[in-house]
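> Predicted coordinates and the sequence they were generated for:
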4 protein chains.
Amino acid sequence: MSIFEGFLSTPEVLDAFSDHHFVDAMLRFEAALARAQAQVGLIPESAAHSIIGSCKVELFDVAKILRDSGRAGSVAIPLVKSLKEAVGVFNADAVPFVHFGSTSQDVIDSAMALVTRDAVQLIEADLGKAIEALLQHAKTHAQTPVLARTLMQPASVTSFGLKCANWAAPLVRSRARIAVAARHALKLQLGGAVGTLAQMKGQGAAVRERVAQALGLADAGNAWHTQRDEWVALGCELAIAVGSLGKIATDVALMGQYEVGELTEPTEPGRGGSSAMPHKRNPVASMVALAASQRVPQRVAALLATMPQQHERALGAWQAELAEWPQLLISTHGSVRAMASALPGLQVDAARMRANIDHLRAELPREAADEWFDPALARSAGELALAQVDALRASAAATPPNKESRQ
Amino acid sequence: MSIFEGFLSTPEVLDAFSDHHFVDAMLRFEAALARAQAQVGLIPESAAHSIIGSCKVELFDVAKILRDSGRAGSVAIPLVKSLKEAVGVFNADAVPFVHFGSTSQDVIDSAMALVTRDAVQLIEADLGKAIEALLQHAKTHAQTPVLARTLMQPASVTSFGLKCANWAAPLVRSRARIAVAARHALKLQLGGAVGTLAQMKGQGAAVRERVAQALGLADAGNAWHTQRDEWVALGCELAIAVGSLGKIATDVALMGQYEVGELTEPTEPGRGGSSAMPHKRNPVASMVALAASQRVPQRVAALLATMPQQHERALGAWQAELAEWPQLLISTHGSVRAMASALPGLQVDAARMRANIDHLRAELPREAADEWFDPALARSAGELALAQVDALRASAAATPPNKESRQ
Amino acid sequence: MSIFEGFLSTPEVLDAFSDHHFVDAMLRFEAALARAQAQVGLIPESAAHSIIGSCKVELFDVAKILRDSGRAGSVAIPLVKSLKEAVGVFNADAVPFVHFGSTSQDVIDSAMALVTRDAVQLIEADLGKAIEALLQHAKTHAQTPVLARTLMQPASVTSFGLKCANWAAPLVRSRARIAVAARHALKLQLGGAVGTLAQMKGQGAAVRERVAQALGLADAGNAWHTQRDEWVALGCELAIAVGSLGKIATDVALMGQYEVGELTEPTEPGRGGSSAMPHKRNPVASMVALAASQRVPQRVAALLATMPQQHERALGAWQAELAEWPQLLISTHGSVRAMASALPGLQVDAARMRANIDHLRAELPREAADEWFDPALARSAGELALAQVDALRASAAATPPNKESRQ
Amino acid sequence: MSIFEGFLSTPEVLDAFSDHHFVDAMLRFEAALARAQAQVGLIPESAAHSIIGSCKVELFDVAKILRDSGRAGSVAIPLVKSLKEAVGVFNADAVPFVHFGSTSQDVIDSAMALVTRDAVQLIEADLGKAIEALLQHAKTHAQTPVLARTLMQPASVTSFGLKCANWAAPLVRSRARIAVAARHALKLQLGGAVGTLAQMKGQGAAVRERVAQALGLADAGNAWHTQRDEWVALGCELAIAVGSLGKIATDVALMGQYEVGELTEPTEPGRGGSSAMPHKRNPVASMVALAASQRVPQRVAALLATMPQQHERALGAWQAELAEWPQLLISTHGSVRAMASALPGLQVDAARMRANIDHLRAELPREAADEWFDPALARSAGELALAQVDALRASAAATPPNKESRQ
């Protein structure tokens, strides 16, 4: 991405969606297609051999492909042209079999599924870390009294452990839902010009099955050129996780205010400083998660708005979806990574939590103080917290491991 | 809703979210709460009896409750006040036990779950009708040749049956995903002031279980005051269905253009006329579905944007979510109903579909005409269509019936 | 609107967009049209007389018109039908001259402009009150020291007066920009079936001019059926005001936290209470403004997304815009009114502001304390505040009075 | 941007927002600041001289600054650090005067204003070309009959010239409004740590005035760290232009359908081809404009949603705004350029327009055919078109030239 995105994302996810990796993924698709087509006898073995041999990203001028995509209106067109040129150098007979029976959207959607898979794995891994940190805090502080606040005002007493368990619960659910959604969304696109694989002369299903297998993507059984529901559903699930992380960041930022003083993001050299004020320490992880929670909803709106795609392949809507998609994943990983990094070392000031309660109690009539702000209220909250931690661990254990979950 | 919404929604779904029904749902919550609390011995039987007896919507001045909600900043406050007055008339001792240990958000979220359940049932029923109509068309027209169009230009030939199967597939998947999402989302809210049910003195879980049972809502095991992920996930699934319906409407509107002439929405007296031009027949069902597909993505963005809710209960974000939610459901049912009504009687002009192909063939070089626009291409498309219809019917049959799916 | 909207809006703006008022506005359009057409000789005087006489909202069954709009796909069709029936009772010859040469969108867009004008006046009036309150506070507290906070952490010292002036400045600019935008947006729609007023036989411009004059709307010189830029521009300006009010509400809510204690929304009987906790006082005005600031951006996105309207009049996009529009205005007035009501009586705790500074100073090294947290820093901030107040007053005075600004 | 953005944007606007240009703009700010501060005596002349000499983008490792921004949470922090190092090499005494009295947001907002100015100039120039092309077509085809279509159905006859004039009108208005909005939005940001310029010891206003002058930005008279109304207002105006361009693209795509055949985007080698089907010619310009019109509304929603920025400088909301902003400008220029390139050479098939009318006439009863579909109806439409062209030319001429408009 760009200078405005760097500190809201991560190097890993930017790399997953880099031009280089995307072209590489497109070439993996083209190679797998040629291999499968040779296996079923649709194209000569020798052609497949030549094509596969040329499908190496190092051989291509990625920047030129990008530049040419502007005029062509699609990145697949210059890619296929370059691949044909590369193949033609050694085996002119193989050129007509490059990208055979396939269409721009096949290679682009499939490549997007491949790089998205990498991004989802990054997201899942960091979600796991954030969850683990929260469950630890939930146990450690199961009975630590803290003001419960509603409508931004103290309402009663709860335990900090219960807050942590409540922060964790939606993340545990999100992880499970993302795994399911990814299993459905990360599927091969292969339909040819209009979704019928007509040029593959009855071998389409066999080819699709083999290419899916080779790339480790699901075989949807059909083209999904203008049926984007499962793809968008994955986007929605990621956005929901970003919303839940935004809720944690909101609370951390509020509890980290100087006047509240209950939480501090972990210190780290070079992080959270100010260009003007040496005394400042900014809650940078919360900042990243909050920024994501304000941007990502709009990505989802864009994905949903582009669903009414015309006929067999759309004009504009698909292209818009393509451009919005990586930014959704990038912001999501930015958010998850920020919280996964900050939560384990979150500094919890239990004394200050207690002092804030005591301060308020002192200002209230005795009866109200005892009914609503008795620190002992943290005890039953703590039991809820511990029970929830156990339930969440059980639920997390029941979720199939990430790798297998999508293959 | 209002004059601007009437023709984009349905009387049934407007009724589900009417003031009357919502107040009724709030009273059902209060009655179930009192009954459960009496059962576990938290409040006197006689108090529960009085409360239950007063929880009849006919006894309340709904308009006044609404008016007073403005000042109070919540509709629960005047409702509880009115209920206390009603109870106090006959049993002053019971008044302190009204709404006991509960909070505004408990009754409002739970009531919203109840009326949402009704709306989801309307949506599911009409989704079923739309699917059935499409599967019928898919079989009837499995091998009817029609131009396949990409980027708004003719690209090749497919069959109209395959178009219909492709329209149906996302709806079948949506129906299954909505059932799952609803099962998780339609849950009781009961947490008391700060989610700990502290006032229920250890009986909170028992009360929650009973109230959930009585209302037919899921027992989430916890309050979800500021953990909105499962709720928002249902909203996302509904929006995805609206997107898929918008895709169908887009295609129907395009194929129904005078110059294309392949499809016509069924005629119905008083529908689709023009205030100025007697010769016009407007595709009103598509209009409704298209309008929904442009509005609903923004509802989802709002739901996602409100997820970072502060602390134990939020200031502003929850209230915003509340106001957006019914409009999402209302637009969704407007869209589903419009298509469920129009699709069964959709007029398919197979001759015109063929004529459009022939017209194009006549303008193309023979070779291109035969490679891309041979009407015989519809045959293999038809086989794909029939296979997909069978798979979709099997998948639809595997989805548990709606009623049970959520209880 | 509905039970979920009541406490986020105002009775006045709900009334402006009520079914009754909208039908009344449609009838005012039809009456003005008939009068103008008779004046230029397009229709008989007697017909105009009959039509004008029937254009009384009391004569119409508004609920039935609404119900019939569902089937018709437009509220204009049943309205025109009812009007023809009413006219026909006394003067059958006048019936063909009802709605003559006009189209559904003409009457609906024009009626929307009329009721929007009322809503904008409500908004402008309350904006003025909020501004005045802020300028007062800015003067009173020009030199009151308060912590300046960046990234949610204390950064230095400013004055509360400068905060108030900074809150006021965008509102002053918004008021001026809204006045300009409204002058352009509140224009008559009159184009007939396809925007050419062809049926008016060369008298179209004369009729349009007279109708615009009669209704007090601008004469755009053309139909704007699918040219929505000036209309949407007004929507954007309103949303910007909501954003600026949301910023004030954010700060008020943060400064009103118990642990910060610098501001309190004014108390008012029956406002901001809790259904569970008698000790609570919730910042309800901020809640309303915050909720609006999370919803209104989505209304604007919807307006912008519907701008690509097909051909001479759109399918779906215009209808979606129609339904979104009132909600934008309603939320806007809810927000402005909430802040206009709360800001004059905002309770400012200058001692607590000072105590928060002192508390922080005590924890810092002397040098940092003196460089960044010297209460004397409020003095120069105060000068900025006073200068800005003068500039804002001058700017506000330069804005032409609201009434004339649009006529 | 990235591989997914390339064909939806332009090299020029991507360059305007490139990392290189943004760092260059930040350095221009720092140089101008040092110069101004020396002029008013705040910092030594020699320090300013050293700082200015080091503010050359060629001296900096832009990629490293970017990488370090991730940890720092701001791109200004590593930039200022690098600048201090560069200055320190030759003049250690000057180091404390780098970025003196300023804050991260000052340099970033100001740099964003500088690069945005370049982008706005690109947009304005291409808007002018699109307008000119449309006004030409409007004159040439003032009286060319074409079907007027409403709700996607033929409704009557208009002239193609009037369609073109109606396409042009919102663009002319947008150009004028963008010029006004840019004049207000493109202003210097300079407030220091908390907006008071306290460290500049009473010289703040003088410094701000000089820096603004040097950079050719407006002097807002105040910091606008958390008062984003004028900035967002510019974003709204750009989005409105994108909506109006999306309307043109919608119509061009619809009229360019094979079965309608009235318009064709100009052919250009290597543009609009298909990777699979040699016979295809895709309306690529419309595709780009349509994609922008589906994405840009979401950028505006994000800008509006981030307006409630906390206190003196925000946590998350400002950073989110920063990241969204360039994408709005990039998509806008992509859209304007696409249409500015395609519209001049738009191929208008007047014979086909007439044939489509005649074909419909032949199917209608004579009376309806004559009332609604008489090709002579184009004549009066043509008069409207010509009058509108004259008015638009006059209005365009009245808009002050772009360069001066913002300085």
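Done, it's in.
> what does the stretch 151-300 of chain A put close to chain C?
Contacts of the stretch 151-300 of chain A with chain C, taken as Cβ under 8 Å from any Cβ of the partner chain, map to A:151-156, A:253-254, A:256-260, A:274, A:277-283, A:286-287, A:298. Backbone N, C-alpha and C define where each C-beta goes, glycine included.
> rerun that using 7 Å as the cut-off
A:151-155, A:253, A:256-260, A:277, A:279-283, A:287 (Cβ under 7 Å from any Cβ of the partner chain).
> Intersect those residues with the contacts of chain B.
Restricting these to those near chain B by Cβ under 7 Å from any Cβ leaves A:Leu151, A:Met152, A:Ala155.
> can you give me the helices for the stretch 251-400 of chain A?
Applying DSSP state H, counting those that start in this stretch to the stretch 251-400 of chain A gives helices spanning A:284-305, A:317-342, A:350-363, A:366-372, A:377-398.
> Next: the stretch 1-150 of chain A.
Taking DSSP H, counting those that start in this stretch as the test, the helices found in the stretch 1-150 of chain A are A:11-16, A:19-39, A:45-54, A:62-72, A:76-90, A:104-140.
> In terms of mean pLDDT, which of these ranks lowest?
Mean pLDDT per stretch puts helix A:62-72 lowest among the helices of the stretch 1-150 of chain A, at a mean of 88.
> got the angle between that one and helix A:19-39?
80 degrees (axes from the mean of the first three to the mean of the last three Cα atoms, to 10 degrees).
> Run through who's touching helix A:62-72.
A:19-20, A:23, A:75, A:78-79, A:82, D:3, D:6-7, D:270-271, D:273 (Cβ atoms under 7 Å, 6 or more residues apart in numbering or on different chains).
> now the angle from that helix to helix D:317-342?
60 degrees.
> Show me how far helix A:62-72 is from its chain's centre.
Computed by Cα atoms, centre = their mean, to the nearest Å, the separation of helix A:62-72 from the middle of its chain amounts to 27 Å.
> Could you do stretch A:163-172 as well?
Worked out by Cα atoms, centre = their mean, stretch A:163-172 lies 18 Å from the chain centre.
> Looking at the stretch 251-400 of chain A, which residue is nearest chain B?
A:Met307 (2.9 Å; Cβ to the nearest Cβ).
> what about that residue, distance to B:Gln388?
Distance of A:Met307 to B:Gln388, given as Cβ to Cβ, to the nearest Å: 19 Å.
> Look at those two and report which has more neighbours.
The neighbour count for A:Met307 versus B:Gln388, taken as other Cβ atoms under 10 Å in any protein chain shown, is higher for A:Met307 (29 against 23).
> before we move on, what SS does the residue lying closest to that one once chain neighbours are set aside have?
In space, and not counting its chain neighbours, A:Met307 is closest to B:Gly243: 2.9 Å by Cβ to Cβ, 6 or more residues apart in numbering or on different chains. The three-state label for B:Gly243, taken from DSSP: H, G, I helix; E, B strand; the rest coil, comes out as helix.
> follow-up on the earlier one: name only those of the contacts of helix A:62-72 that count as buried.
A:Asp19, A:Val23, A:Val75, A:Pro78, A:Leu79, A:Ser82, D:Ile3, D:Gly6, D:Phe7, D:Arg271, D:Gly273 (16 or more other Cβ atoms under 10 Å in any protein chain shown).
> Make a markdown table from the residues you listed and add distance to chain B to it.
Output for the buried ones among the contacts of helix A:62-72, formatted as a markdown table (distance: Cβ to the nearest Cβ, whole Å):
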| residue | distance to chain B |
| --- | --- |
| A:Asp19 | 24 |
| A:Val23 | 23 |
| A:Val75 | 15 |
| A:Pro78 | 17 |
| A:Leu79 | 18 |
| A:Ser82 | 22 |
| D:Ile3 | 20 |
| D:Gly6 | 18 |
| D:Phe7 | 13 |
| D:Arg271 | 13 |
| D:Gly273 | 11 |
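> on that earlier part again, what's the closest of the contacts of helix A:62-72 to chain C?
Nearest to chain C among the contacts of helix A:62-72 is D:Phe7, at 19.5 Å by Cβ to the nearest Cβ.
> My guess is A:Leu360 contacts A:Gln153. True?
No - distance between A:Leu360 and A:Gln153: 10.2 Å, which falls outside the contact criterion (Cβ atoms under 7 Å).
> between the two, which one's more packed in?
Ranked by neighbour count (other Cβ under 10 Å), A:Leu360 and A:Gln153 place A:Gln153 first, with 22 against 19.
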